[in-house]
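**Q** Please find the sequence and the predicted model below.
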2 protein chains.
Amino acid sequence: MLKELAKGSREAARVLAAADTALKNAALLACADALEANAGTILAANAEDVAAARAAGTKESMIDRLALDKKRIEGMAKGLREVAALPDPCGTTVWAERRPNGLDISCVRVPIGVIGMIYEARPNVTADAAALCLKSGNACILRGGREALRSNTAISEVIRSAIEEAGLPRDCVSLLADTTREGAEAMMKARGIIDLLIPRGGAGLIRSVVENARVPVIETGVGNCHIYIEKTADPETAVAVTYNAKTSRVSVCNAAESLLIDRDCAEKLLPLIKAELDKKEVVLYGCEETRAILGKDVLPATQEDYAREYLDYAMSVKVVSGIDEAIAHIAEYSTGHSEAIITQSYGASERFMREVDASAVYVNASTRFTDGGEFGLGAEIGISTQKMHVRGPMGLTALTSMKYTVRGNGQIR
Amino acid sequence: MLKELAKGSREAARVLAAADTALKNAALLACADALEANAGTILAANAEDVAAARAAGTKESMIDRLALDKKRIEGMAKGLREVAALPDPCGTTVWAERRPNGLDISCVRVPIGVIGMIYEARPNVTADAAALCLKSGNACILRGGREALRSNTAISEVIRSAIEEAGLPRDCVSLLADTTREGAEAMMKARGIIDLLIPRGGAGLIRSVVENARVPVIETGVGNCHIYIEKTADPETAVAVTYNAKTSRVSVCNAAESLLIDRDCAEKLLPLIKAELDKKEVVLYGCEETRAILGKDVLPATQEDYAREYLDYAMSVKVVSGIDEAIAHIAEYSTGHSEAIITQSYGASERFMREVDASAVYVNASTRFTDGGEFGLGAEIGISTQKMHVRGPMGLTALTSMKYTVRGNGQIR
């Protein structure tokens, strides 16, 4: 029950907020060592999860997300060590000024408090999220998917013990064992217990959390990303970026889902692009003009197809009259994640970057770069597609708030 | 009806996001001139509001907030001109880096979109909020109190016309004429229409918005602010800061509402403080020890008294055993606005600043300084007491989001 975790989490958050970086790093390194040392226990628990999932007829792609092996546990440990090596955002001064009346005002980064995470199958999120929260000085309450409960319990218990041995409260990291819908709903309504809730998973989960939460939420990672090929586009770049953005990893939120192409170059470029996408057997859903150019094995696209995040070897295609129509189409269908233009026109590139409203707007590069590591932020806890608090890849700084400290010598107003 | 405003506001937001600073400033200056030129119309509308409020038996303190005169209209115009003179946050680069793969990544401030404001009696908020939203590139939908509807309508129409003459859409500023509870609730539920909702008013309004909103909200301005007099406090500073924080303006959120004092100095200092507060006839609600020292005209304090934001010549008082009890008491009763310690101890000052969780934490200065102007941020739209997005006084930057622009030359991943 969430209420039973609340007191421990709040108290752990208080202690953690006052902990210095060295102590937090020591705890992270201890967790990494403990994960490796207890790999046997974790793998045994995971094997039970996998067996149960198989018995329940779970798809192999899902089993693949769920299953751990020694290498994946080493990957988690490596992730924890990388977080330990990142700079600590807490206590850094964002802004400071001595005011005319002599008051010394500083704006300093501080932890948020208790962060809740609701996520789905992958057990490695348990370790990743715990590490990022701990490093940023926040306690966390984690609630993973039902099918990974044994794995998540084993991982979190190893982490909790290691944190305690390092000298911090074990409740810095808690796992909510209630994997029912009620468990998730309790987290969404936990005002006074959870200061920030981050859902990580499919579009359905995220929509449900955003619409039902009574605590602050960060909307993450639904990406209906577009590649817009403007008429001056370099053909090679157009083909290479589209192919990369669509096929290099189809299951991720920064993969491209929709292709827009100017009428002026559609006839020449669409066949080249299709030939490339055919290598991966990408299914295309196209407008009438696309089908006239590429033939009838392009399926007719509906409005829903333009709105879909396929997360698969599939893509919608639309021929447009120019940048105005492209920007308007993106404004209508975009989820505000990552949008790219391929162009050699200065004017088109500048207009696209200014007018397209998304976390990341690209000129002549693949949308696949929207990622904390690629942006140089280090590990990330997700990609925010909302505008409040943080937008784009969320590194450690996204898990902090600020506070003004004011030093005076008797000033009154 | 909110739905009727939605299309105009969204379209205005799109135009405004692309408008350069010079155009926005020209519109602000035009609004200032127009308010002065149309003072007669506005005052006539306001006179009707005031007459209706008087007829309804409204308290004089409320009438005072509602009533405009030539000077107050000049004050609004001056406010608009000051906002025009502030730097434009939009388009400023927060961070930029050339990545090892040659991608040029910039994180740039952008407007949020459409900002909703729900506020109470003062008609000047209409002009202030419109100005801050416009300067930060956001369209706004304003919903003031019922008793000020004629005044707000007159002010907003003057502003809308001036904006239009300056070359921007008049729907950059809209007033929701529906001042019923349903009007406010429609704003709270307006996903897709309103990107951020800011309530400005009493604790009841703010609680209602925070608890019911389905759009992102910034919680503002409820302040149960404490002055904690630590045992090493300089007596003069203790008396002067307490008197100033409590009495210089009792109706504002940064006024002190509760006094904590160490047992070691209570007997000496409480009588000095009471003598000063008696000048303004401040009613005290004290613990038993306070009453033993100050006598029975100090009323006995209940738990509710310690939680109350009096906004009046009243204050709760508690004798504490030391900084641990003071910090614990503040953690329990604080609204996270502004908290002050009076001390000459380095250790106590550092502990208080680190451990007290509030927007602004003061050492030896009055809580009354928590204000955009005093902090050097220029005009403010409110004071955030939440941790997400912005904390403390909210200047223009608080009304912006960010966006990553990525310039490449064919990079794929």
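**A** Good, I have the coordinates. Source: prediction; values computed, not measured. Numbers count the residues shown, from 1 in each chain, chains lettered A, B, ... in the order given.
**Q** So for A:R207, what's the pLDDT?
**A** As predicted, A:R207 sits at a pLDDT of 88.
**Q** check contacts around it.
**A** Listed by CB atoms under 8 Å, 6 or more residues apart in numbering or on different chains, the contact set of A:R207 is empty. Bear in mind the C-beta positions are built from the backbone N, C-alpha and C, glycine included.
**Q** what's the helix or strand for it?
**A** Assessed by DSSP states H and E, A:R207 sits inside helix A:203-212.
**Q** Nearest residue to A:V363 in space, ignoring adjacent ones along the chain?
**A** Once flanking residues are discounted, A:V363 sits nearest to A:S349: 4.5 Å by CB to CB, 6 or more residues apart in numbering or on different chains.
**Q** picking that back up, quick one: list the elements packing against the next helix or strand after the helix holding A:R207.
**A** On the C-terminal side of helix A:203-212, the closest following helix or strand by DSSP H and E is strand A:225-229. For strand A:225-229, the elements it packs on are helix A:235-247, strand A:256-262, helix A:323-333, strand A:338-342, judged by 3 or more CB pairs under 8 Å, 6 or more residues apart in numbering or on different chains; DSSP states H and E.
**Q** Let's see that with 7 Å instead.
**A** Under the contact definition 3 or more CB pairs under 7 Å, 6 or more residues apart in numbering or on different chains; DSSP states H and E, strand A:225-229 sits against helix A:235-247, strand A:256-262, strand A:338-342.
**Q** Could you list the buried residues of the helix holding A:R207?
**A** Residues of helix A:203-212 classed as buried under the neighbour-count rule (16 or more other CB atoms under 10 Å in any protein chain shown) are A:A203, A:L205, A:I206, A:S208, A:V209, A:V210.
**Q** now that helix: how far from the chain's centre is it?
**A** Computed by CA atoms, centre = their mean, to the nearest Å, the chain-centroid distance of helix A:203-212 equals 14 Å.
**Q** Same check on stretch A:238-253?
**A** Counting by CA atoms, centre = their mean, stretch A:238-253 comes out at 18 Å from the chain centroid.
**Q** can you check stretch A:99-107 too?
**A** Worked out by CA atoms, centre = their mean, stretch A:99-107 lies 38 Å from the chain centre.
**Q** contact partners of that stretch?
**A** For stretch A:99-107, the external contacting residues (CB atoms under 7 Å, 6 or more residues apart in numbering or on different chains) are A:93-98, A:402, A:404-409, A:411, B:365, B:369, B:375-376.
**Q** so what are the domain limits for chain A?
**A** Residue ranges for the domains of chain A, per automatic domain parsing: A:2-218+A:394-407, A:225-369.
**Q** Redo these as JSON lines? Include distance to B:A27.
**A** Shown next, in JSON lines, are the domains of chain A (distance: least, CB to CB, whole Å):
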{"stretch": "domain A:2-218+A:394-407", "distance to B:A27": "29"}
{"stretch": "domain A:225-369", "distance to B:A27": "19"}
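**Q** and of these, who's closest to B:R160?
**A** domain A:225-369 (24.3 Å; CB to CB).
**Q** list the contacts for A:A331?
**A** Counting by CB under 7 Å, 6+ apart, A:A331 has contacts A:D357.
**Q** The stretch 101-250 of chain A against chain B: which residues are in contact?
**A** Proximity of the stretch 101-250 of chain A to chain B (CB under 7 Å from any CB of the partner chain) is limited to residues A:L103, A:I105, A:I112, A:D195, A:L196, A:E211, A:P216, A:T237, A:A240, A:V241, A:N244, A:S248.
**Q** The last one is in contact with A:R368, isn't it?
**A** Think A:S248. Yes - applying CB atoms under 7 Å as the test, A:S248 and A:R368 come out as touching, 5.7 Å apart.
**Q** Next, show the common contact partners of those two.
**A** Common neighbours of A:S248 and A:R368 are listed as B:R413 (criterion: CB under 7 Å, 6+ apart).
**Q** So the two - more neighbours on which side?
**A** A:R368 (25 against 16; other CB atoms under 10 Å in any protein chain shown).
**Q** Wasn't the more buried one part of a helix?
**A** Yes - counting by DSSP: H, G, I helix; E, B strand; the rest coil, A:R368 is located in a helix.
**Q** isn't it right next to A:N254, touching?
**A** Yes - the pair A:R368 / A:N254 is scored as a contact, 5.2 Å apart, by CB under 7 Å.
**Q** Overlap in contacts, the two.
**A** Contacts common to A:R368 and A:N254, judged by CB under 7 Å, 6+ apart, are absent.
**Q** how distant is the strand or helix carrying A:A47 from the center of its chain?
**A** Here A:A47 sits within helix A:39-55, counting by DSSP H and E. Distance of helix A:39-55 from the chain centroid (CA atoms, centre = their mean) equals 26 Å.
**Q** follow-up on the earlier one: now, the most widely separated pair of the residues of the stretch 101-250 of chain A next to chain B?
**A** A:L103 and A:A240 (56.2 Å).
**Q** more crowded one of the two?
**A** A:L103 (22 against 18).
**Q** Now that one: phi and psi?
**A** The phi and psi values for A:L103, taken as degrees, to the nearest 10, are phi -70, psi 130.
**Q** what's the answer for A:G372, then?
**A** phi -60, psi -40.
**Q** Excluding chain neighbours, what is closest to it?
**A** A:E380 (2.8 Å).
**Q** so what's the one you found scoring on pLDDT?
**A** A:E380 is given a pLDDT of 91.
**Q** Give me the distance between it and A:E182.
**A** 30 Å (CB to CB, to the nearest Å).
**Q** Comparing those two, which shows the higher neighbour count?
**A** The neighbour comparison of A:E380 against A:E182 (other CB under 10 Å) goes to A:E380, with 22 against 11.
**Q** ok, the more buried one touching A:G395?
**A** Yes - taking contacts as CB under 7 Å, A:E380 lies within contact range of A:G395: 5.6 Å.
**Q** which residues are in contact with both of the two?
**A** Any residue near both A:E380 and A:G395 by CB under 7 Å, 6+ apart counts here, and that gives A:G372.
**Q** Which residues outside whichever strand or helix holds A:A84 are in contact with it?
**A** Using DSSP H and E, A:A84 maps to helix A:70-85. With CB under 7 Å, 6+ apart as the test, helix A:70-85 has contacts from A:25, A:28-29, A:31-32, A:35-36, A:39, A:42, A:124, A:127-128, A:131-132, A:135, A:379.
**Q** Can you tell me which of those residues are buried?
**A** Buried members of these, counted by 16+ other CB under 10 Å: A:25, A:28-29, A:31-32, A:35-36, A:39, A:42, A:124, A:127-128, A:131-132, A:135, A:379.
**Q** Can you give me the neighbour number for the closest residue to A:K246 other than its chain neighbours?
**A** In space, and not counting its chain neighbours, A:K246 is closest to A:A256: 4.9 Å by CB to CB, 6+ apart. The tally of other residues near A:A256 (other CB under 10 Å) stands at 27.
**Q** Quick check: bridge partners of A:A256?
**A** A:C225 (DSSP bridges).
**Q** for it, what are its contacts?
**A** In this structure, A:A256 makes contact with A:C225, A:H226, A:I227, A:T242, A:A245, A:K246, A:M315, A:T367, judged by CB under 7 Å, 6+ apart.
**Q** Low-confidence stretches in chain A?
**A** Counting by pLDDT under 70, not a single residue of chain A qualifies.
**Q** please redo it, this time with the cut-off set to 90
**A** Flagging of chain A using pLDDT under 90 yields the residue ranges A:1, A:60-62, A:64-65, A:120-122, A:200-207, A:210-212, A:219-222, A:251, A:378-379.
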